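# sequence plus predicted model, see below.
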Amino acid sequence: MNRRGFLKATSCALVPYTLGNALLAQNVAAASSSIDLTIAGYPFEHIRRLMTGKVKIEGCDVQYQVGKIGDLNTHVFSGPRTLDVTEIGLIPFILAYANDDFRAYSLVPVFPLRMFRHRSIFVRSDSGINQPADLKGKRVGTPGYSSTSLTWIRGMLHDEYGVRPEDIQWVVSAKDSSTKDAGKISKQENVIPDGISISVGPEGKDESDLLIDREVDALFHAAEPRAFIERHPKVTRLFKNVRRTEQDYYAKTGVFPIMHAVAIRNSLVEEHPWLPRAVFNAYSESKAQAYADMQEKWFLRTLPWFAQELDTTQALMGRNFFTYGIAPNRKTLEALLRYAHEQGLARRKLAIEDLFEPSTLGLIDHKD
């Protein structure tokens, strides 16, 4: 990686495994030369082989830029839009499309970040909040009300425990202790719907300050708040056995929450209609190689029970537990679209087909 944070990939070959790749190969072969492609996102393990050029995007020379999600959102929705392909917050994209008529990019059904969100509820141990129902009437702090993670938390609390957004007194913190990893909160993560009680925390205080100083009783946080990382004695998770709780949630609902998707610039797709499929293939192949590495080289991992954890995850969620494509993720995507509308964030309820580039709707990655 050079000092500007870019990784250069050259050449363009990929073992394809989705429907219609013969047509893709013909289109790529017909191109007179490779196209230059700028991609941005986090350096996840399942993305890294694409970042480093070990996996190529057919027909492309790639520059990969490591970025933070808040900054990437702003770049795409209201910035220079120089990125050809980028990781993007899923709820911010939904809100930009539904509320601001944003049409400069479309989604490809690649989901770089997925995370269960029971782990993201933190409370003061002396707050009297011992179960989700106890959140009713309490003050809850958060850095960004309409982030994807907060939308999932509210939706899960409503569906599973009967706690509505209107039942909580919301406090948006003036600062976020995770800015160094998440970037500056984008406009679409600060959408405030009607019908809820919400205020802004004191200037200069992050979400952890609010909890430590008893200005809120609980925190909903996309990452982990500073107070929890620093092991403050009064800050704990609401769900004590969070791993079991999240496993039970998946077994019951079949939902594995999606945080981020991949967006592609529509003007580029108009010029190169084969490109969305090539991008999907490359992300999928990078993930497949990461799976193989986890399976075959588990003994190189630092975690002492890594192999057992992988076995447990696959037994519950299947060998391809981090699925791409619409079909295996339809239930999860429909749940999030419903939450966006029910919570008053999106002015209208969208369909999956509204958001994703049409040529990608039938794509699938590895099957179990």
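Structure's in. What do you need? Bear in mind that the values here come from a model prediction, so they are computed numbers and not experimental data.

# show me what the longest helix anywhere in the chain is packed against.
Longest helix of the chain, by residue count under DSSP state H: helix 275-296. Packing partners of helix 275-296 (3 or more CB pairs under 8 Å, 6 or more residues apart in numbering; DSSP states H and E): helix 21-30, helix 48-52, strand 105-114, strand 258-265, helix 266-271, helix 306-317. Heads up, the C-betas are built off the backbone N, CA and C, glycines and all.

# of the ones you listed, give the one that comes closest to Thr245.
Among these, the nearest to Thr245 by CB to CB is helix 306-317 (13.3 Å).

# compute the inter-axis angle for that closest one and helix 275-296.
Compare the direction of helix 306-317 with that of helix 275-296 by axes from the mean of the first three to the mean of the last three CA atoms, to 10 degrees and you get 130 degrees.

# just checking, what packs against helix 306-317?
Counting by 3+ CB pairs under 8 Å, 6+ apart, the packing neighbours recorded for helix 306-317 are helix 242-253, helix 275-296.

# let's see that with 7 Å instead.
helix 242-253 (3 or more CB pairs under 7 Å, 6 or more residues apart in numbering; DSSP states H and E).

# for the helix it packs on, list the C-alpha coordinates in CSV.
Presented in CSV, the C-alpha positions along helix 242-253 are these (Å, rounded to 0.1, in the frame of the first residue of the first chain):
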residue,chain,number,x,y,z
VAL,A,242,-24.9,-12.1,23.5
ARG,A,243,-23.6,-14.9,21.3
ARG,A,244,-26.3,-17.3,22.3
THR,A,245,-29.0,-14.6,22.0
GLU,A,246,-27.9,-13.7,18.4
GLN,A,247,-27.7,-17.4,17.5
ASP,A,248,-31.2,-18.0,18.7
TYR,A,249,-32.4,-14.9,16.8
TYR,A,250,-30.9,-16.2,13.6
ALA,A,251,-32.4,-19.7,14.2
LYS,A,252,-35.8,-18.1,14.7
THR,A,253,-35.8,-15.5,12.0
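
# next one: it to chain centre, how far?
Helix 242-253 has its average C-alpha position 19 Å from the chain's average C-alpha position, going by CA atoms, centre = their mean, to the nearest Å.

# just want the angle from it to helix 306-317.
20 degrees.

# buried residues in helix 242-253, which are they?
For helix 242-253, the neighbour count (16 or more other CB atoms under 10 Å) marks 242, 245-247, 249-250 as buried.

# sweet, I'm off.
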